[in-house]
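Colleague: predicted coordinates and the sequence they were generated for:
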Amino acid sequence: GSWAVGPWGWLAPLLLVALAASAARASEITFELPDNAKQCFYEEIAQGTKCTLEFQVITGGHYDVDCRLEDPDGVALYKEMKKQYDSFTFTASRNGTYKFCFSNEFSTFTHKTVYFDFQVGEDPPLFPSENRVTALTQVK
């Protein structure tokens with residue numbers, strides 16, 4: 001049998017999309033980086049957006065990895081060799097796809113596990129002041 005969707009059922013996904021677009025977003029990923037390998041990630045970022053990349057090698061070898069972050073033109077904004085962990089903050093100079101890669105190409109036999117957290121945009125306040133006022137008004 002088919003199930004009926006309420007009159008506003010179709011609206012919920014649209015609201016979720018709108019909320020997600022306005023809030024800061026973060027990618028937290030733990031991935032395997034085999035020996036002699038390179039893994040790249042891509043993120044669409046709007047000009048003027050503040051971003052932070054944090055990474056840490058969790059297992060493998062000397063716990064080190066090469067990391068490179070490029071702007072949409074391929075210009076390196078950050079490049080570090082054989083780091084165990086690091087954090088880098090930048091503001092996007094223009095709209096486009098930013099690319100960051102982790103490389104284990106200097107290691108011929110050590111498999112690594114890398115964790116990273118890529119934060120795009122400022123963290124929105126948990127309770128913006130206008131929302132708080134509305135909530136209090138509704139309580140009365």
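Modeller: All right, it came through fine. Numbers count the residues shown, from 1 in each chain.
Colleague: okay, now the unreliable bits of the protein?
Modeller: Residues of the chain that meet the criterion pLDDT under 70 lie in 1-23, 123-140.
Colleague: again, 50 this time
Modeller: Segments of the chain classed as low confidence (criterion: pLDDT under 50) are 15, 18-22, 131-132, 134.
Colleague: contacting residues for the closest residue in space to Glu28 that isn't next to it in sequence?
Modeller: Spatial nearest neighbour of Glu28, excluding adjacent residues (C-beta to C-beta, 6 or more residues apart in numbering): Asp117 at 4.8 Å. Every residue, glycine included, has its C-beta placed from N, CA and C. Shown in contact with Asp117 (C-beta atoms under 8 Å, 6 or more residues apart in numbering): 26-28, 52-55.
Colleague: switch to 10 Å and redo it
Modeller: For Asp117, the contact set (C-beta atoms under 10 Å, 6 or more residues apart in numbering) comprises 26-30, 52-56, 87.
Colleague: likewise for Gln47?
Modeller: For Gln47, the contacting residues are 91-96, by C-beta under 10 Å, 6+ apart.
Colleague: for these, which single residue is the most surrounded?
Modeller: If you count neighbours using other C-beta atoms under 10 Å, the busiest of the contacts of Gln47 is Ala92, which has 21 neighbours.
Colleague: show me what contacts that residue?
Modeller: With contact taken as C-beta under 10 Å, 6+ apart, Ala92 is in contact with 43-51, 71-72, 77, 98, 120-121.
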